[in-house]
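**Q** model the structure of this input:
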Amino acid sequence: MPAPAAPIGFDDFLKVDVRVGRVLAADAFPEARKPAYKLTIDFGPEVGVRKSSAQITVHYTREELVGRMVAAVVNFPPRQIGPFMSEVLTLGFPDAAGEVVLVGVDREVEIGGRLF
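**A** The predicted model follows:
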């Protein structure tokens, strides 16, 4: 496990905009260097629909991702992943083997809600 990051102030935390969204589509991404899906995620009217490349193929099928609520950082600059522009960073934690387990919510919440 990595060591904890250096302490930051609350104002720094507020700069990271983490929102909850609902996955509208999960498409194959065969061009990715590591196995990944191309996600289309709806974050509600304030943020809109955004795209994300996510290396989550070990624990999730494309079918089970559609409709699932996920957390993502929505205010990082877009990042080119091969031929795909990833607009948000979908969040997860590593399992014992280092594979991604998605951050989610355990109750229904309004999409676009901001983490606090």
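
**Q** biggest helix in this structure by residues?
**A** helix 10-15 (DSSP state H).

**Q** what's the following helix or strand after that helix?
**A** Scanning forward in sequence from helix 10-15 by DSSP states H and E, the next helix or strand is strand 18-28.

**Q** in terms of secondary structure, what does that next one contact?
**A** Packing partners of strand 18-28 (3 or more Cβ pairs under 8 Å, 6 or more residues apart in numbering; DSSP states H and E): strand 37-42, helix 44-47, helix 62-65, strand 69-73. Where you see a C-beta, it was placed from the backbone N, CA and C, and this is true even at glycine.

**Q** what sits up against the longest one?
**A** Spelled out, that is strand 37-42. Strand 37-42 is contacted by residues 21-29, 48-54, 56-57, 60, 62, 65, 70, 72, 84, 88, 90, 111 when judged by Cβ atoms under 8 Å, 6 or more residues apart in numbering.

**Q** got the angle for it vs strand 69-73?
**A** If you take axes from the mean of the first three to the mean of the last three Cα atoms, to 10 degrees, strand 37-42 sits at 90 degrees to strand 69-73.

**Q** name every strand pairing with strand 37-42 and say which way it goes.
**A** With DSSP bridges as the test, strand 37-42 is paired with strand 18-28 (antiparallel), strand 49-54 (antiparallel).

**Q** buried ones in stretch 77-90?
**A** Judged by neighbour count (16 or more other Cβ atoms under 10 Å), stretch 77-90 contains these buried residues: 81, 84, 86, 87, 88, 89, 90.
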